[in-house]
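> The sequence and its predicted three-dimensional model are supplied below.
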Amino acid sequence: MTKDAVAAALDEIGTLLGLQGENDFKTRAYGNAARLISQLDGDLADIVAKKQLGKIRGIGEALEEKITTLVTTGRLQYLEDLRAAVPPGLVEMLRIPTLGTKKVKLLHDKLKVSTLAELQAACDRGEVADLAGFGAKTQQRIIDGIRFLGTVGKRVRVDQAALVANTLLERLRKLPGVIRAEVCGSVRRKKETSKDIDILVSAVGASPIMAAFVAFPEVTQIVAQGPTKSSIVATMQVGGSSIVLGADLRVVSDDQFPYAVVYFTGSKEHNIRLRQIAIEKGLSLNEYTLSGPRGPKDNVKVADEAGVYKALGLPFIPPELREDTGEIEAALAGTLPVLIEPSDIRGVFHNHTLASDGTATLEQMALATKALGYEYFGVGDHSQTLTIANGLTPDRVRAQWKEIDKLNEKLEGVTILKGTECDILPDGSLDFDDELLAGFDYVVASVHSHFQLPEAEQTARVCKALSHPATTMLGHATGRLLLRREAYKIDLDAVLKAAAQHGKMIEINAQPDRLDLDWTYVKRAKAMGIPIVINPDAHATDELALVPYGINVARRGWLTAADVFNARSLKEVLKELKRRKGG
DNA sequence: GCCGTTTTCGGCCCGACTGTTTTCAGTCG
């Protein structure tokens, strides 16, 4: 059973226990364990086999036993019993905003509702409003919640969230009285998807800002509006589709801003660790202040976010690392990585031109690459089998090589590299013969077909492609399309092992709907010494600018410039590619 | 459920907002 599957099972146990009225701390322990497992470094099966699970802070005897059973047998009677005892409709009800486990349990116990339809009917009859602790407004919120389930509360991609967040941020910055304003939350931590937007503002007076905020043209619903906090739903139309996303605004005084920006950037788990460190120092950290044991007169005053970390005895921790996956320990030990920056990138390898399914010529793409300040443009058009994307036949490949040689004589300040995005065929072989493959500067091997293979076959297929001497790097390792298509079933830990064994690189595909390899595996790949390549997979000149989305993933995966192959200069890249070809 | 320089019990981060109460529980982050 994979980490994600184990984590999902633990999360489900926590939810089901909550719906049975189990105490919050117990249910939270399961949720916490789910997070620990999903973000675990190293191979879960190994850790289980070596009985090392109990050493993880937050996993005790009971969880170790349940996780071990899940990993070794693929099932857990305890979970199946819970599923049998709790109607699945109750879990669905939790997706309604303002409904948590306690209210759902009460609705089920008192009104005998077990499905969304039954809950809707009970609301229509006015029965919910009559329940103790409920009322007319709560009933209306539930009715609205059921109606909006399809749109509000869904996650959106980071590029979409950033667009809405920055639109609101720019409007806020123009308001009179606003001193500092920042997007916080998962958008600032550069997570691949976001459930909502958090914006923090410091100002002299909060109420005019709140009033202006809820009246912004993007605001389609006001969920809550208080003196310092408001929640709204924002809607924006982009390219024919609409983005619907919740946004919270908090307004604080300017001396509270540094503490608040830490607090609202999160993650929640990171904040809890910071608060514990404060307690160990006899201090108390909340979103407004860092106070000492004798109250306000002991308050530690700082000017900015870095000052908060310094006061806790820590170096500044970049937002991308704030997930409580070891960054606190690294900060305490002084071993935080110097994360890669967009400006470290010197070129790109995986891109398409008009020759396959791109929209620009080789020359246009190369010049656009140069305009971004890069030294090399690697073309990686599709290979012959991928006819739907106009994959290149061997003859067309040789013609493209000639064109590249000509362009390289003519162009200044940018060099075109001869690459291919070569299909990994169902049996794991590559889509060109060895002689042709040897003529490329490098080969990006990718899966574009047969996504439904059983996990063992899919894994063997990709591992075989990685063992091919011509393969340089693996493209989009899981084929996932965020929020649209699941990753194909594959044992990524086995793939990483194969890459390490054969000395191959792995791509971070920077397309915002891919961001594949996922950051949790990027971190593990680094630990295994696997070089990472950040590729825009550009099909048009403007898509070359997607590289920063890949940088986000690299930073969340703790990568430094030294860990990323295309942070190397053209000279170094050519030397390494030549070495790999045995020359 | 977990955890331990208050160690096998009794805590577990903490504040804003809402809706229901008339002092607080639930939800959310």
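It's in. Residues are numbered from 1 along each chain as shown, chains lettered A, B, ... in the order given.

> Report the closest residue of the stretch 201-350 of chain A relative to DNA strand B.
A:G226 (2.6 Å; Cβ to the nearest atom of the strand). For the C-beta atoms, the positions are set from N, CA and C on the backbone; glycine is no exception.

> And for the stretch 101-250 of chain A?
A:G135 (1.8 Å).

> The nearest residue to that residue once chain neighbours are set aside sits in which helix or strand?
Nearest non-adjacent residue to A:G135, counting by Cβ to Cβ, 6 or more residues apart in numbering: A:A129, 5.8 Å away. Assessed by DSSP states H and E, A:A129 sits inside helix A:127-130.

> show me the contacts for A:E305.
Contact analysis of A:E305 by Cβ atoms under 8 Å, 6 or more residues apart in numbering lists A:P258, A:V261, A:V262, A:F316.

> Apply 6 Å and report the result again.
Taking Cβ atoms under 6 Å, 6 or more residues apart in numbering, we find A:E305 in contact with A:P258, A:V261, A:V262.

> for those residues, which one is nearest A:V338?
A:V262 (20.8 Å; Cβ to Cβ).

> Strands of the stretch 101-250 of chain A, start to end?
A:156-157, A:178-184, A:193-194, A:196-203, A:219-225, A:229-238, A:241-252 (DSSP state E, counting those that start in this stretch).

> Output the below-cut-off pLDDT ranges for the stretch 1-150 of chain A.
For the stretch 1-150 of chain A, residues meeting the criterion pLDDT under 70 lie at A:150.

> Quick check: residues of it near DNA strand B?
By Cβ under 7 Å from any atom of the strand, the residues of the stretch 1-150 of chain A that approach DNA strand B are A:23, A:25-26, A:28-30, A:33, A:56-64, A:94, A:97-104, A:129, A:132-139, A:141.

> quick one: A:A8 and DNA strand B, what's the gap?
Going from A:A8 to DNA strand B by Cβ to the nearest atom of the strand, to the nearest Å gives 17 Å.

> One more: A:K464?
A:K464 is 40 Å from DNA strand B, by Cβ to the nearest atom of the strand.

> Buried ones in the helix holding A:A129, by neighbour count?
Buried residues in helix A:127-130, counted by 16 or more other Cβ atoms under 10 Å: A:E127, A:V128, A:A129.

> would A:Q511 count as being in a helix?
No - read with DSSP: H, G, I helix; E, B strand; the rest coil, A:Q511 is coil and lies in no helix.

> wait, it sits on A:D537?
Yes - assessed by Cβ atoms under 6 Å, A:Q511 is found in contact with A:D537 at 5.2 Å.

> Which one's more surrounded, the two?
When neighbours are counted by other Cβ atoms under 10 Å, A:D537 comes out ahead of the other of A:Q511 and A:D537, with 25 against 21.

> remind me which residues of the stretch 451-583 of chain A are low pLDDT?
A:583.

> swap the cut-off to 80 and go again
Under the criterion pLDDT under 80, the flagged ranges of the stretch 451-583 of chain A are A:484-485, A:582-583.

> Which residue would be the closest one in it to DNA strand B?
Closest point on the stretch 451-583 of chain A to DNA strand B, by Cβ to the nearest atom of the strand, is A:L483, at 17.2 Å.

> neighbours of that residue, just the number please.
A:L483 has 13 nearby residues by other Cβ under 10 Å.

> I'd guess it is in a strand, am I close?
No - under three-state DSSP, A:L483 falls outside any strand and is assigned coil.

> residue contacts, it?
A:L483 sits next to no residue when contact means Cβ under 6 Å, 6+ apart.

> quick one: buried residues of the helix or strand where A:L79 lies?
In this assignment (DSSP H and E), A:L79 forms part of helix A:77-85. Applying a neighbour-count criterion of 16+ other Cβ under 10 Å, the buried positions in helix A:77-85 are A:Y78, A:L79, A:L82.

> Show me what the helix or strand that it is followed by packs onto, helices and strands only.
Using DSSP H and E, the next helix or strand after helix A:77-85 towards the C-terminus is helix A:88-93. If you count contacts as 3 or more Cβ pairs under 6 Å, 6 or more residues apart in numbering; DSSP states H and E, helix A:88-93 packs onto helix A:101-111.

> CA-only coordinates of the helix it packs on in PDB, if you can.
What follows is helix A:101-111, C-alpha atoms only, in PDB (Å, rounded to 0.1, in the frame of the first residue of the first chain):
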ATOM      1  CA  THR A 101     -18.400  16.300  12.800                       C
ATOM      2  CA  LYS A 102     -20.400  17.400  15.800                       C
ATOM      3  CA  LYS A 103     -23.300  19.100  14.000                       C
ATOM      4  CA  VAL A 104     -23.400  16.200  11.400                       C
ATOM      5  CA  LYS A 105     -23.600  13.700  14.200                       C
ATOM      6  CA  LEU A 106     -26.400  15.700  15.900                       C
ATOM      7  CA  LEU A 107     -28.300  15.900  12.600                       C
ATOM      8  CA  HIS A 108     -28.000  12.100  12.100                       C
ATOM      9  CA  ASP A 109     -28.900  11.300  15.700                       C
ATOM     10  CA  LYS A 110     -31.900  13.500  16.100                       C
ATOM     11  CA  LEU A 111     -33.300  13.700  12.600                       C
END
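
> which other residues reach it?
Residues from elsewhere that reach helix A:101-111 (Cβ under 6 Å, 6+ apart): A:G18, A:L19, A:G21, A:L90, A:M93, A:V113, A:A122, A:E127, A:L131.

> again, but for stretch A:534-547
The contact list for stretch A:534-547, computed with Cβ under 6 Å, 6+ apart, reads A:345, A:348-352, A:358-360, A:364, A:368-369, A:372, A:507-511, A:550, A:554, A:564.
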